[in-house]
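**Q** got a predicted structure plus its sequence, pasted below:
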Amino acid sequence: MRRLGLLALGAAMLMSPARSHADEHNGYPNIDLPTMGGKQLWGDTFLFAGWRIQENLITGHSRLLDPDDVRRAWGSDEQCLTAFNEIRDAEHIEPNGRHLVLMLHGLFRSKDSFGDMPERLLEAGYEATGLNYPSMQESVRASADRLNLLLDRLEATDRVSFVTHSLGSIVLRVALAAQPAWRERVALHRIVLIAPPSKGSAVANLLADFPPYQWLTGDAGQELTYEAAAELPGLDAPFGIIAGGRGDGEGYNRLLDGDDDGTVAVAETRLEGALDFMVVDSLHSFVHTNEQSIEGVLAFLENGCFSCP
């Protein structure tokens, strides 16, 4: 695979468990230890109450992680699902609620990038979790397909809402435009887009032909240009937008026009049909962990606006 290739494969082999005992669920040896990172090598394929099954992009094998990111089983997807179902029955695992709030991270980031937001959503009564997808290793279309396949496998969920950061908004728009099967049985509630490059990004436009940028961001980086963004579908569900900026009309980056968060201009975040729009004083990498943003997300999911009268 591009960039990480054989180096990543070697790392994956080195991190395989010592063959000290056979896992009772699938016959593969396993030691219950926390994972050692590598989030750009793994994509979630199943989520339930903080547990997740992930697929390795290099080897194609799967692993079952508990809410603390401890690997509890590995092998094929089917074997991991069997292992989870046995653990679920034995430990009586249940979600926090039947309304899932799924958080989609941005480029370079992971499911763990949302700060206090997951905990705050759980306290509010939602089942909340971040999705991990290898944003640097696959195209937006591939990530969107991965998202829809995961949502097709949802259990104990009646409604789903989304909170996205940056590139996550593009992945979601492409996924929803595919008219996925899960929407026939799960209601789509509300969406909050945080620092979304809705119209594309001037930064991506400027760097699109720069080899280091191409190497670092892969296919996804090319899908953040103005030309690519112009081809994106809209959203057919209630949504609001939180942008980052200084509120002074100039922003953090003098190379961008108007207010901005250092990476995306406020004007670039706008998307027709938004129910509400809010600007918080923050740089791009921190807009989604900003306290004002978290309060805005909670308010929008509950009432459809960021600061309702």
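**A** That came in fine, so what should we check first? Numbering: from 1, shown residues only.
**Q** would you list every one of the helices in the stretch 1-150 of the chain?
**A** Across the stretch 1-150 of the chain, reading from the start of the chain, the helices by DSSP state H, counting those that start in this stretch fall at 5-14, 77-91, 117-123, 140-152.
**Q** how about the longest one: buried residues?
**A** Residues of helix 77-91 classed as buried: Asp77, Gln79, Cys80, Leu81, Thr82, Ala83, Phe84, Ile87 (neighbour count, 16 or more other Cβ atoms under 10 Å). Any C-beta I mention is one placed from the backbone N, CA and C, and that applies to glycine too.
**Q** returning to that earlier point: as JSON lines, the helices of the stretch 1-150 of the chain with mean pLDDT and distance to Val174 would be great.
**A** Supplementary listing: the helices of the stretch 1-150 of the chain in JSON lines, determined by pLDDT from 0 to 100; distance: least, Cβ to Cβ, whole Å:
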{"stretch": "helix 5-14", "mean pLDDT": "40", "distance to Val174": "26"}
{"stretch": "helix 77-91", "mean pLDDT": "96", "distance to Val174": "23"}
{"stretch": "helix 117-123", "mean pLDDT": "97", "distance to Val174": "23"}
{"stretch": "helix 140-152", "mean pLDDT": "95", "distance to Val174": "4"}
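**Q** including distance to Lys199, could these go into TSV?
**A** Formatted as TSV, the entries for the helices of the stretch 1-150 of the chain read as follows, by distance: least, Cβ to Cβ, whole Å:
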stretch	distance to Lys199
helix 5-14	34
helix 77-91	37
helix 117-123	25
helix 140-152	15
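**Q** to Gly106, which of those lies closest?
**A** For the helices of the stretch 1-150 of the chain, proximity to Gly106 was assessed by Cβ to Cβ; helix 140-152 is nearest, at 11.4 Å.
**Q** thought Ile294 was touching Pro118?
**A** No - contact status for Ile294 versus Pro118: not in contact, 10.1 Å apart, counting by Cβ atoms under 8 Å.
**Q** report the mean confidence score over stretch 217-235.
**A** Throughout stretch 217-235, pLDDT has a mean value of 89.
**Q** centre-most residue in the chain?
**A** Centroid-nearest residue in the chain: Leu104, 2.2 Å away (criterion: Cα atoms, centre = their mean).
**Q** that one pairs with what?
**A** Beta-bridge partners recorded for Leu104 (DSSP bridges): Leu131, Thr164.
**Q** my guess is it contacts Val160, does it?
**A** No - using Cβ under 8 Å, Leu104 is not in contact with Val160; the gap is 11.8 Å.
**Q** give me the pLDDT for the residue nearest to Ser135 when sequence neighbours are not counted.
**A** Distances taken as Cβ to Cβ, 6 or more residues apart in numbering place Leu107 nearest to Ser135, at 4.9 Å, with adjacent residues excluded. If you check Leu107, the pLDDT there is 91.
**Q** which residues are in contact with Leu107?
**A** Residues in contact with Leu107, defined by Cβ atoms under 8 Å, 6 or more residues apart in numbering, are Ser135, Met136, Ser166, Leu167, Thr217, Ala220, Gly221, Leu224.
**Q** bridged to the closest residue to Gly97 other than its chain neighbours, which residues?
**A** Beyond its immediate neighbours in the sequence, the residue positioned closest to Gly97 (Cβ to Cβ, 6+ apart) is Glu127, lying 4.9 Å away. Here Glu127 sits in beta bridges with Leu100, going by DSSP bridges.
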